[in-house]
Every structure is written in structure tokens, then in C-alpha cells.
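In: predicted model, plus sequence, below.
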Amino acid sequence: MIHERLANLKKTLPPQVKLIAVSKTKPATLIQEAYDAGQRVFGENKAQEMQQKHALLPHDIEWHFIGHLQTNKVKYIAPFVHLIHSVDSLKLLNEINREAQKNNRMIDCLLQFHIATEETKFGLDMEEVKQLLQSDEFQSFENIRICGVMGMATFTDNEETIRKEFRTLKHVFDLLKQTFFSGTPSFKEISMGMSSDFPIAIEEGATMIRVGSLIFGARNDSKH
């Protein structure tokens with residue numbers, strides 16, 4: 001089933017869009033099944049769970065951290081994480097830089113923006129990001145690389161709302177690219193769109209989508 005779902009999903013994606021299979025809460029056996037079907041990029045939202053799966057599964061998997069990350073959990077994923085999507089504070093960036101240094105690595109990160117109407121979502125606003133990027137502390141980091149932005153749309157059936165929020169994130173990306181990252185080719189990612197809304201996200205400029213239930217089957221506790 002997973003093989004079939006992945007094949008069908010990939011047929012619909014343009015070549016410039018990277019599919020992150022959201023494997024959080026799924027057992028290693030199911031991730032292995034997706035791996036055997038050719039998927040190499042997986043997204044997790046709990047640091048210790050990701051660490052355990054990394055130890056059990058093939059080492060050419062590209063692990064993306066997509067959930068809210070607490071500073072005291074960074075150490076579990078720093079040795080191997082490919083991309084952290086959910087950076088929402090200078091304090092967290094500082095910790096990622098520290099742990100990356102310990103592991104002699106450069107860790108790629110996305111800045112998470114709050115684009116939804118829901119208060120429950122984490123994320124920064126433009127003013128906070130400007131302050132962060134202009135701070136002396138940020139300028140001193142040598143082991144992190146900001147590669148783009150991430151956001152989650154409101155959980156709603158209203159497509160106009162969703163489209164507007166994704167458009168906002170694309171605008172934010174363009175603005176940051178122009179203002180802070182114009183000479184930085186690695187600043188190129190827009191991570192937005194999940195199982196329920198990724199076609200709209202792609203239309204609005206997503207370069208990465210985070211899809212779980214369409215690959216692994218429905219789950220009760222999240223809209224991923």
C-alpha cells in the first residue's frame with residue numbers, strides 16, 4: 001500500500017518540490033517499507049524518537065525535524081539531522097549552533113513563521129526575524145546555515161484562507177532573500193503544505209511539502 005501511495009503522490013509533484021514523508025509516530029518497519037519504495041526523506045517531530053529511528057534504519061536517510069524543538073533536545077539529533085524546519089527563536093539557534101560545533105557539523109535550518117490565524121501554532125513574525133538576523137549573536141554563529149522559511153496554514157476547509165497564508169510565507173521568503181540573503185544560493189527553501197493542502201502550497205511556491213497520512217494512512221491525533 002505504501003509503495004502504491006508514494007508512487008501516486010510522486011506522479012503529481014513537480015520536479016522542484018521535495019517530498020518529506022512525515023513518519024512521526026510510525027514504527028521503523030513502515031518507514032523501511034517507504035524506504036524500500038524509494039523514499040529517502042523523512043520528517044519527525046520528537047527528538048528522541050528520531051534518534052531511535054536513525055539508529056535502526058538505513059544511514060542514507062535524510063532526516064528532517066519538523067516539530068517544535070526544545071533547546072534541551074537538540075543534542076539528540078545534532079549528530080545526523082539534515083534540516084531543522086522549525087527554528088522559532090534566537091535561543092534555539094544558539095543551541096543548534098553549539099551542538100553543531102560539538103559534532104563538527106554545519107546544520108541547515110529554516111525559520112518558522114507564524115502565518116496561521118490559530119494561536120496554537122509556533123513561529124516568528126517579520127519584525128522578530130529582522131532583529132534576529134541583525135543581532136551580533138546571530139552574526140557570530142559559524143555552524144548553522146539558514147536555508148529558507150517554514151510555515152503551517154490554518155486548519156480549515158477555506159481554500160482562500162490557506163492560499164492567502166501560503167502567499168504570505170512566499171512574500172516573506174522573497175523579502176528575506178532580497179534583504180538578507182541575496183548573495184546566498186543556499187537560501188532557497190519554502191517548506192509549506194501538508195496532506196490536506198499541499199497542492200495549494202505548490203501553486204504558491206513551496207519547494208518542500210510535509211506529507212504523512214497520504215503515505216502512511218490516516219491518524220487520529222494530527223492533521224499531518
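Out: Thanks, I have it. Numbers count the residues shown, from 1 in each chain.
In: any idea how far Ile84 is from Gln178?
Out: Applying C-beta to C-beta, to the nearest Å, the value for Ile84 to Gln178 is 24 Å. For every residue, glycine as well, the C-beta is placed using N, CA and C.
In: likewise for Val211?
Out: Computed as C-beta to C-beta, the Val211 to Gln178 distance reads 30 Å.
In: one more: Thr29?
Out: For Thr29, the distance to Gln178 equals 46 Å [C-beta to C-beta].
In: and the strands in the chain, which stretches?
Out: Assigned by DSSP state E, the strands in the chain fall at 18-22, 41-44, 62-65, 83-87, 107-113, 144-151, 189-191, 208-211.
In: ok, which of the ones you listed comes nearest Leu124?
Out: Closest of the strands of the chain to Leu124 is strand 107-113, at 5.7 Å (criterion: C-beta to C-beta).
In: which residues sit against the closest one?
Out: 78, 81-88, 93, 96-97, 99-100, 122-126, 129, 132, 143-151, 168-169, 172, 176, 186, 189, 191 (C-beta atoms under 8 Å, 6 or more residues apart in numbering).
In: likewise stretch 70-84?
Out: Applying C-beta under 8 Å, 6+ apart, the external contacts of stretch 70-84 come out as 41, 47-48, 50-51, 54, 62-65, 69, 91-92, 95-96, 98-100, 102-103, 105, 107-110, 147, 189.
In: got the CA positions of it in PDB?
Out: Once non-C-alpha atoms are left out, stretch 70-84 reads as follows in PDB (Å, rounded to 0.1, in the frame of the first residue of the first chain):
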ATOM      1  CA  GLN A  70      13.100  22.400  22.700                       C
ATOM      2  CA  THR A  71      16.700  23.500  23.300                       C
ATOM      3  CA  ASN A  72      17.400  20.600  25.700                       C
ATOM      4  CA  LYS A  73      16.500  18.100  22.900                       C
ATOM      5  CA  VAL A  74      18.800  19.500  20.200                       C
ATOM      6  CA  LYS A  75      21.700  17.200  21.400                       C
ATOM      7  CA  TYR A  76      19.800  14.100  20.400                       C
ATOM      8  CA  ILE A  77      19.600  15.000  16.700                       C
ATOM      9  CA  ALA A  78      22.600  17.200  16.200                       C
ATOM     10  CA  PRO A  79      24.900  14.400  15.000                       C
ATOM     11  CA  PHE A  80      22.800  13.500  12.000                       C
ATOM     12  CA  VAL A  81      19.800  15.800  11.300                       C
ATOM     13  CA  HIS A  82      19.700  17.000   7.700                       C
ATOM     14  CA  LEU A  83      17.400  20.000   8.200                       C
ATOM     15  CA  ILE A  84      15.600  21.600  11.100                       C
END
